[in-house]
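A.B. asks: A structural model of the following input is requested.
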Amino acid sequence: MAKTESVSIQMADLLEEFSEEVQKAVDDSGKAVAKECASKLRNTSPKRKGDYAKSWKSKKDGDGYVVYNAKHYQLTHLLENGHVVRNKYGTYGRVSGVKHIEPVEQWAIDEFQVRISRGLE
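C.D. replies: Numbering: from 1, shown residues only. Okay, the predicted model is just below:
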């Protein structure tokens, strides 16, 4: 066996090991950030009535994680962006949105990157 073949085999092994470490760091970071995201959404969601704020959950979906509202998934877009309503006189009005998902999403993006870099150190 030539020296170059030996070096290339060693480099391939090192890259394989590094790839596994990166995948583990990404998976661990994703899981932790998704859990914290769901927790933050439980705290910042509108709590006027019902259990909308209590039903935020996270789950693994393919290679990534998803944070979702398990019981009232239809309301997330309406509460975040506002919607048209009809009052008792037949005229229409507009309810302004409560931005509670967007700030948590931005936090999650930043925190995910920080945790991955911290996990690779």
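A.B. asks: could you list the low-confidence segments of this protein?
C.D. replies: Within the chain, the ranges that satisfy pLDDT under 70 run 1-4.
A.B. asks: let's go with 80 and repeat that
C.D. replies: 1-6, 15, 17-19, 48-50, 87, 90-91, 120-121 (pLDDT under 80).
A.B. asks: so which residues of it form helices?
C.D. replies: 3-44, 75-81, 102-120 (DSSP state H).
A.B. asks: redo those as a markdown table? Include distance to residue 59 and mean neighbour count.
C.D. replies: To be clear about C-beta, it is placed using only N, CA and C from the backbone, and glycine gets the same treatment. Output for the helices of the chain, formatted as a markdown table (distance: least, CB to CB, whole Å; neighbours: other CB atoms under 10 Å):
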| stretch | distance to residue 59 | mean neighbour count |
| --- | --- | --- |
| helix 3-44 | 8 | 14 |
| helix 75-81 | 16 | 15 |
| helix 102-120 | 15 | 14 |
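A.B. asks: closest to residue 60 out of these?
C.D. replies: helix 3-44 (7.5 Å; CB to CB).
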